[in-house]
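[1] heads up, no residue letters with this:
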């Protein structure tokens with residue numbers, strides 16, 4: 001006969017394990033009747049697998065670690081039980097202290113309730129900070145020390161090992177009480193993070209943030225986000241301030257008008273030079289009629305060209321040089337080079353007597369260079385407040401929003417609003433070089449509109 005099947009035990013029923021839950025019964029430790037399920041298929045793994053006993057076992061272990069700092073089965077009896085000796089005797093009552101020197105004892109040392117709530121209630125130790133214990137090239141240094149102890153290290157390595165080292169002090173992570181006034185201040189909203197590891201190690205492992213270039217911190221324009229209009233743009237401005245604003249707007253309009261007139265002058269033409277019917281007819285007929293005089297002129301031109309070619313050929317033949325002429329030219333060239341060398345040497349000697357003049361010239365040149373540098377820097381500073389060319393379109397400034405003298409309102413109730421806040425902000429972004437100047441896209445219909453007359457309309461008509 002086959003031996004009887006033993007009941008399957010759960011993980012919590014193993015020997016040497018103490019559970020904290022009192023709801024565990026002996027009958028619950030054994031599983032129910034086994035179901036016949038084919039577990040070779042993946043869809044039946046989670047459906048017919050009972051892991052509640054494992055989860056309860058792990059949760060019981062975590063509870064024991066949080067409350068007692070370890071498993072109860074591993075604790076000695078002294079930590080689990082104590083001897084009951086009865087109620088302790090009450091201390092003898094002392095004489096009451098005078099009212100003047102009486103103080104409330106025990107209140108100052110007792111922490112606040114909020115601090116007690118924020119304290120840790122788990123006995124599980126904090127995780128070890130791995131980065132605080134890492135040391136760059138630790139394996140290499142241990143090997144070098146071992147070789148140096150045996151006297152087998154090279155001379156260069158010995159010199160490196162003989163250098164004075166800075167002792168590394170590693171501090172263990174200690175959880176301090178929240179009511180300790182001497183604890184370190186830590187800003188949870190701060191941007192920076194604490195780097196407990198070695199800087200060289202962080203740099204080599206690419207865990208240290210790259211330094212941000214200073215150029216990225218510079219603003220694209222020095223202009224403020226919101227520009228305040230001149231005092232003359234108020235609803236009830238001063239007379240002179242309003243007149244100065246009107247003068248500024250007038251100058252802008254004059255410049256625009258001059259540009260328009262310049263374009264008209266460039267596109268203008270003289271009406272007397274316009275084509276007439278006679279000039280159009282002559283242009284159309286030109287080249288259709290051939291004259292005998294034109295043929296004679298063409299023949300005479302060909303003869304003149306042939307004579308010139310013959311003369312040029314004779315000149316070329318007559319310009320051939322002899323050996324004597326070439327020797328004379330070489331000698332003259334050498335004389336010219338010597339003369340130029342002597343002239344340069346003489347000029348250098350003469351410059352010794354012109355040192356004052358040369359110094360003055362150099363000083364003036366340096367002054368001009370400095371002035372140009374100052375002007376260039378001033379121009380660069382002025383360009384920081386100007387809109388740059390970011391796209392194919394050029395920035396067009398917004399028109400001044402002002403009212404004429406007869407349009408001014410005496411109070412805010414009769415004031416007529418001008419301009420648009422959205423357009424003002426859009427122009428401000430363009431002026432501060434944050435977006436490129438753009439224009440509204442033009443919609444162009446690709447297909448023609450086709451009109452169809454419906455049948456119902458035809459029946460009515």
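    Received it, and whenever you're ready, just let me know what you need. All values derive from a computational prediction rather than experimental measurement.
[2] And the helices in the protein, which stretches?
    Using DSSP state H, the helices found in the chain span residues 52-68, 77-80, 113-118, 138-150, 155-161, 199-204, 239-267, 277-285, 292-318, 323-351, 355-384, 421-431, 455-460.
[3] Select from these the stretch with the lowest mean pLDDT.
    Lowest mean pLDDT of the helices of the chain: helix 292-318, a mean of 62.
[4] per-residue pLDDT, residue 71?
    Value for residue 71, per-residue pLDDT: 88.
[5] burial count for it?
    Per other CB atoms under 10 Å, the neighbour tally for residue 71 reads 14. C-beta: built from backbone N, CA, C; applies to glycine.
[6] per-domain residue ranges of the chain.
    Per the record, the chain has its domains at 11-78, 219-248+420-438, by automatic domain parsing.
[7] Highest mean neighbour count out of those?
    domain 219-248+420-438 (a mean of 14; mean count of other CB atoms under 10 Å).
[8] How far away from the center of its chain is that one?
    The chain centre lies 29 Å from the centre of domain 219-248+420-438; the measure is CA atoms, centre = their mean, to the nearest Å.
[9] So what would you say the end-to-end distance of that domain is?
    21 Å (CA to CA, to the nearest Å).
[10] about what we covered before: can you tell which of the helices of the chain is closest to residue 400?
    Residue 400 lies closest, by CB to CB, to one member of the helices of the chain: helix 239-267, at 4.8 Å.
[11] related to what we said a few turns ago, any chance of the domains of the chain in TSV, with distance to residue 323 too?
    Output for the domains of the chain, formatted as TSV (distance: least, CB to CB, whole Å):
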stretch	distance to residue 323
domain 11-78	107
domain 219-248+420-438	74
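[12] So which of these is nearest residue 155?
    Proximity to residue 155 (CB to CB) singles out domain 11-78 among the domains of the chain, at 53.7 Å.
[13] rewinding a little: dump the helices of the chain to CSV, plus distance to residue 228.
    Output for the helices of the chain, formatted as CSV (distance: least, CB to CB, whole Å):
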stretch, distance to residue 228
helix 52-68, 63
helix 77-80, 76
helix 113-118, 49
helix 138-150, 63
helix 155-161, 66
helix 199-204, 48
helix 239-267, 13
helix 277-285, 63
helix 292-318, 79
helix 323-351, 62
helix 355-384, 19
helix 421-431, 12
helix 455-460, 62
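[14] Out of those helices, which is closest to residue 132?
    Among those, if distance is taken as CB to CB, the winner is helix 199-204, at 10.9 Å.
[15] The closest one: which residues count as buried?
    The neighbour-count check on helix 199-204 (16 or more other CB atoms under 10 Å) flags 201-202 as buried.
[16] how far does it sit from the chain's center?
    Distance of helix 199-204 from the chain centroid (CA atoms, centre = their mean) equals 24 Å.
[17] Tell me the helices and strands packed up against that helix.
    Applying 3 or more CB pairs under 8 Å, 6 or more residues apart in numbering; DSSP states H and E, one finds that helix 199-204 contacts no other helix or strand.
[18] Next, the residues that contact it from outside, please.
    The contact list for helix 199-204 (CB atoms under 8 Å, 6 or more residues apart in numbering) reads 131, 134-136, 195, 208.
[19] Show the end-to-end separation of stretch 208-227, please.
    Stretch 208-227 has an end-to-end distance of 41 Å (CA to CA).
[20] give me the number of residues near the residue lying closest to residue 229 once chain neighbours are set aside?
    Among residues not flanking residue 229 along the chain, residue 401 sits closest, at 7.4 Å (CB to CB, 6 or more residues apart in numbering). Other residues lying near residue 401 total 13 when counted by other CB under 10 Å.
[21] can you check residue 151 too?
    Residue 151 is surrounded by 7 other residues when neighbours are defined as other CB under 10 Å.
[22] And it, how far from residue 61?
    Taking CB to CB, to the nearest Å as the criterion, residue 151 is separated from residue 61 by 53 Å.
[23] just residue 273 next, same as before
    Relative to residue 61, residue 273 is positioned 107 Å away (CB to CB).
[24] Provide a list of residues in contact with residue 182.
    Residues counted as contacts of residue 182 (CB under 8 Å, 6+ apart): none.
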